[in-house]
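Peer 1: Return a 3D structure for these sequence lines:
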Amino acid sequence: MKILGIGNAIVDVICKVEDSFITQHNLKKSTMKLVDDAEFKKLVSTLKIEKTVSGGSVANSIVSLSQLGNKVGFIGKVSDDDFGKNYEEGLKKENVKYFYSKKKEVIPTGTCLILVTPDSERTMVTFLGTAGKIDENDIDTNAVKNSEILFLEGYLWDEGKPKKAFEKAINNSNKVAMSLSDLFCVERHKPHFLELVKNKLDITFANEQEIMSLIEVKKFDEVINFAKKVNKLIVITRGDKGAVAINKNEIVECSAKNNLQIKDLTGAGDLFAGGFLHGLINNKSTKESLQTGTEMSSKVIQIIGARLN
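Peer 2: Residues are numbered from 1 along each chain as shown. As a prediction, this is how the structure comes out:
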């Protein structure tokens, strides 16, 4: 198997809202907020749902890798409920091998409300459900060992059982990549993430805001210096400034695509990572990998949702 992803198995519920909705509900635009089941249901009840789709950050990347012809798998915890069954079916339909046997859990399958404002930015309200209860017994060690790259998401990291699951997966991997996920995650887990980036990860994906927050710098030049010292592959998306990959002393840049009809930025980072990993795993150059990531990201932001059909 080329790549195994481990992440939050979450069903995405996509809704269009005005900026006033974000303000009214004390949400911070372009970040993710964790809520309980009751608050989630209360918010959803006031909205018109545009689309419901099996999601989760790494799962989106893994599906894109499958669509590009790679043999891939995924581990993520769902309950044996309607959402859980739909989630598993969604992965099978995309030729993703699902290394998890669902059972009836006390807590339902996780859901993420993706609020898309007129500027195409997305703000997420997440009820993790059983996805956030992943533990080391849910990690299929053979699947990890048999994959060339293990791909993790920062969203999954949490103290206790999820952290042990994370560590078990990393300790059995051949090569490990991780997305920092979002600013909320970085600020919440900064010391842990810094330790992972410096000492455990082979590849780190981040956007400019996330990496600058992680290492607490104000200028992008300082990010370059940090990446060179760390001596690992760090891949950074910079919005309309394109993307850059830093590997030891090699710095490779790729321009952003212009004149796009942007509808929804959901999944932009996920599909960028999928495209980049596709290049990497198929022995393409760093430049070609950045270009594939940019191409995939450009396609997904011109549709609603985080999956290409």
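
Peer 1: Surely Gly5 and Ser66 touch.
Peer 2: No - judged on C-beta atoms under 8 Å, Gly5 makes no contact with Ser66 at a distance of 10.3 Å. All C-beta spots, glycine's among them, are computed from the backbone N, C-alpha and C.

Peer 1: Between the two, which contacts overlap?
Peer 2: Counting by C-beta atoms under 8 Å, 6 or more residues apart in numbering, the residues touching both Gly5 and Ser66 are Val72.

Peer 1: Comparing those two, which residue is more hemmed in?
Peer 2: Per other C-beta atoms under 10 Å, whichever of Gly5 and Ser66 has more neighbours is Gly5, with 30 against 22.

Peer 1: any idea which helix or strand carries the more buried one?
Peer 2: In the assignment (DSSP states H and E), Gly5 maps to strand 3-6.

Peer 1: From the contact counts, what lies against that strand?
Peer 2: Where contact means 3 or more C-beta pairs under 8 Å, 6 or more residues apart in numbering; DSSP states H and E, strand 3-6 is packed against helix 57-67, strand 72-75, strand 149-153, helix 161-171.

Peer 1: Could you spell out the sheet neighbours of the next helix or strand after the last one, each with its direction?
Peer 2: Along the chain past helix 161-171, the next helix or strand (assigned with DSSP H and E) turns out to be strand 176-179. Applying DSSP bridges to the sheet, strand 176-179 is found paired with strand 149-153 (parallel), strand 203-207 (parallel).

Peer 1: can you list contacts of strand 176-179?
Peer 2: Strand 176-179 is contacted from outside by 57-58, 61, 149-154, 169-170, 196, 200-206, 269-270, 273, 277, using C-beta under 8 Å, 6+ apart.

Peer 1: go on, stretch 14-32?
Peer 2: Contacts to stretch 14-32, defined as C-beta under 8 Å, 6+ apart, come from residues 33, 43-44, 47-53, 112-119, 121-126, 155, 181-185, 264, 266, 304-305.

Peer 1: And stretch 162-169, by the same measure?
Peer 2: If you take C-beta under 8 Å, 6+ apart as the criterion, stretch 162-169 is touched by 6, 132-136, 138-139, 141, 144, 150, 152, 156-157, 176.

Peer 1: can you do 10 Å?
Peer 2: Stretch 162-169 has contacts (C-beta atoms under 10 Å, 6 or more residues apart in numbering) with 4, 6, 8, 75, 77, 128, 131-141, 143-144, 150, 152-158, 176, 178, 189, 192, 196, 200.

Peer 1: Arg188 against Gly154, yeah?
Peer 2: Yes - between Arg188 and Gly154 there is a contact at 9.1 Å, judged by C-beta atoms under 10 Å.

Peer 1: Identify the contacts common to the two.
Peer 2: Asp182.

Peer 1: More neighbours: which of those two?
Peer 2: Gly154 (26 against 14).

Peer 1: could you list every residue that touches the more buried one?
Peer 2: The contact partners of Gly154, by C-beta under 10 Å, 6+ apart, come to 7, 57-58, 166, 178-182, 184-186, 188-189, 192-193, 196, 204-206, 210.

Peer 1: Could you report the distance from the spatially closest residue to it that is not a sequence neighbour to Asp36?
Peer 2: Distances taken as C-beta to C-beta, 6 or more residues apart in numbering put Ser181 closest to Gly154, at 3.4 Å, once the chain neighbours are dropped. Using C-beta to C-beta, to the nearest Å, Ser181 is found at 20 Å from Asp36.

Peer 1: Could you check which of these two is surrounded by more residues?
Peer 2: More crowded of Ser181 and Asp36, by other C-beta under 10 Å: Ser181, with 27 against 11.

Peer 1: Helices - which of the contacts of stretch 14-32 land there?
Peer 2: Using DSSP state H, 43-44, 183-185 are the members of those that sit in helices.

Peer 1: Going by neighbour count, which of the residues you listed comes out on top?
Peer 2: With neighbours defined as other C-beta under 10 Å, the most crowded of the ones in helices among the contacts of stretch 14-32 is Cys185; it has 22 neighbours.
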